[in-house]
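Chemist: Provided below for reference: sequence and predicted model.
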Amino acid sequence: MAAAAESYPDELLYHHEHDWARVEDAEAVLGITWYAQDSLGELVHFEPPEAGAEVAKGSSYGEVESVKAVSELISPLSGEVLEVNQKVVDAPETVNEDPYGEGWLIRIRLADASQADDLLDAAAYRQHVAEQ
Amino acid sequence: MVPFVGWEMPVQYAGVIEEHRAVRTDAGVFDVSHMGEIEIEGPRARELLQSLLTNDLDRIGPGKAQYTLLTNERGGIVDDLIAYELDPYRFLLVVNASNAQTDFTWLKEREIRGTEVSDRSAEYALLAVQGPRAIERLGLQPAPAFTFRVGEIAGVEVMVNRTGYTGEDGCELLCMADDAEQLWDAVLERDVVPCGLGARDTLRLEVCYPLHGNDITPETNAISAGLGWVCALDKDFTGASELRRIKAEGPQEKLVAFVMEERAVPRQGMPIAEGGHVTSGTHSPMLDAGIGMGYVPAERATPATELTVDVRGRPRRARIVQKPIYKREENA
């Protein structure tokens, strides 16, 4: 496995539970951060929500598992699931290889775009990681 | 690093799956110095052990080792261990770290005249070097499983035991604790991959070696656990009469191995809908599927039977398979 190098892209928004969101107009793509995948180790399972399900900001929308541990996925934003990344369902290690690109988890239609204002920017999230 | 019965142990070095593959294809080394060592010596050492351990020590001799159980009156498993016959009057037991104190007390309380039971755990370190190329990388000569001899590696005197917990060829090197660092470095210099507790668990589960505390406990009997093959029921030992009865009547539940048919990772404690529960579970790096062991009602404990594992409220299908789950010939 080619593990990714540590990074927290500036264009993303972050939740302190180590989840990221890429807001694209009325939609957002969600995933877990480099720190989250590194803490878990190589992922072996992604338990996704169903397309059409509602996810709520701050609540669990699924799970990811490594050999060592299982972790709940905390949604940084509320909305309806439009799409699940089947590539990660089939090959969960994709998240370790490319956590912000090929390893995205779900795409949602935002319920309330203003919720994004509460999220951390990259600098604030880096600070949060440094304190872990 | 994680705390494990008073020891600080690495879960992983490079990563569980990478370490696992190294042991299946080449060689890996585990520092298992946390394991306990108990020595029993004296003219009646054999007699004492024959009355407490399930397997028959008369089947081995000096230079040989044997997998065996320490059982209670109910036939429950106090510990599983390997007994080494150092000479006809001296035996070394390598026991689980979490049970070392219990085992020592158990044996010490039953000491008879002409035997001396000593806890040597603090004196020794133990490195398990495992994998198809382990022996070659250490420059050792081939030898049968469950034999041992004294040798030297990189200037360190070691007891080379042809035993392990991975299902691969290899050895366990017992040395004085002060020499452990030198031995560890010498093994790594031979391109053996350092491995942590994580890979140790996935490797042993693929080959269905039970883990004491998970799959076998003082509450589970040796017959239900599928360990009747290490119980010499024709001799007398603690729990033998109860084990004879269970064997004659048939156990109520049996420890089975299973493979998930849907993507999910079974974990210890998950209920099985048809009865019973998971005692060990993980993701198998070799099968790329969830695997586990668990107790199920005896009438269901046959290979190919379907089970439903309750994965945090989600029913997931699994199928009972023959042990071991991973076989080199079929999967190579």
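Modeler: Perfect, thanks for sending it. Numbers count the residues shown, from 1 in each chain, chains lettered A, B, ... in the order given.

Chemist: can you tell me the closest non-neighbouring residue to residue A:69?
Modeler: Computed as Cβ to Cβ, 6 or more residues apart in numbering or on different chains, the closest residue to residue A:69 that is not its neighbour in sequence is residue A:40, at 5.9 Å. For the C-beta atoms, the positions are set from N, CA and C on the backbone; glycine is no exception.

Chemist: equivalent analysis for residue A:12, please.
Modeler: Nearest residue to residue A:12, sequence neighbours excluded (Cβ to Cβ, 6+ apart): residue A:20, at 4.5 Å.

Chemist: what about the one you found, helix or strand, and which?
Modeler: Assessed by DSSP states H and E, residue A:20 sits inside strand A:19-24.

Chemist: tell me the helices and strands packed up against the very next helix or strand once past that strand.
Modeler: Later in the chain than strand A:19-24, the nearest helix or strand by DSSP H and E is strand A:27-32. The contact analysis (3 or more Cβ pairs under 8 Å, 6 or more residues apart in numbering or on different chains; DSSP states H and E) places strand A:27-32 against strand A:19-24, strand A:79-84, strand A:106-110.

Chemist: among those, which comes closest to residue B:63?
Modeler: Proximity to residue B:63 (Cβ to Cβ) singles out strand A:19-24 among these, at 57.8 Å.

Chemist: which one is whatever residue of the stretch 1-150 of chain B ends up closest to chain A nearest to, not counting chain neighbours?
Modeler: Here the stretch 1-150 of chain B gets closest to chain A at one residue, residue B:16, 4.4 Å apart by Cβ to the nearest Cβ. Closest residue to residue B:16 apart from its sequence neighbours, by Cβ to Cβ, 6+ apart: residue B:198 at 3.8 Å.

Chemist: quick one, what contacts that neighbour?
Modeler: Shown in contact with residue B:198 (Cβ atoms under 8 Å, 6 or more residues apart in numbering or on different chains): A:41, A:67, A:68, B:11, B:12, B:16, B:19.

Chemist: among the residues you listed, which two are most distant?
Modeler: For the contacts of residue B:198, the farthest-apart pair by Cβ to Cβ is A:68 and B:19; their separation is 12.0 Å.

Chemist: neighbour count for these two, which is higher?
Modeler: residue B:19 (25 against 22; other Cβ atoms under 10 Å in any protein chain shown).

Chemist: so that one makes contact with residue B:197?
Modeler: No: counting by Cβ atoms under 8 Å, residue B:19 stays clear of residue B:197, with 10.2 Å between them.

Chemist: overlap in contacts, those two.
Modeler: Residues touching both residue B:19 and residue B:197 by Cβ under 8 Å, 6+ apart: residue B:12.

Chemist: need the contact list for the spatially most central residue of chain A.
Modeler: Compute the mean C-alpha point of chain A, and by Cα atoms, centre = their mean the closest residue is residue A:31, 1.8 Å away. Applying Cβ under 8 Å, 6+ apart to residue A:31 gives the contacts A:19, A:20, A:95, A:99, A:100, A:103, A:104, A:105.

Chemist: any idea how far it is from chain B?
Modeler: In this view, residue A:31 and chain B are 19 Å apart by Cβ to the nearest Cβ, to the nearest Å.

Chemist: any idea of the pLDDT on that residue?
Modeler: Looking at residue A:31, its pLDDT stands at 98.

Chemist: helices or strands up against the longest helix belonging to chain A?
Modeler: In chain A, assigned by DSSP state H, the helix with the most residues is helix A:122-130. Helix A:122-130 is packed against strand A:13-15, with contacts defined by 3+ Cβ pairs under 8 Å, 6+ apart.

Chemist: avg pLDDT for the strand it packs on?
Modeler: What strand A:13-15 shows for mean pLDDT is 97.

Chemist: which other residues reach it?
Modeler: Contacts of strand A:13-15 with the rest of the structure, by Cβ under 8 Å, 6+ apart, involve A:8, A:20-23, A:33, A:58, A:74-76, A:116, A:119-122, A:124-125, A:128.

Chemist: cutoff 7 Å now
Modeler: Applying Cβ atoms under 7 Å, 6 or more residues apart in numbering or on different chains, the external contacts of strand A:13-15 come out as A:20, A:21, A:23, A:33, A:74, A:76, A:116, A:119, A:120, A:121, A:122, A:125.
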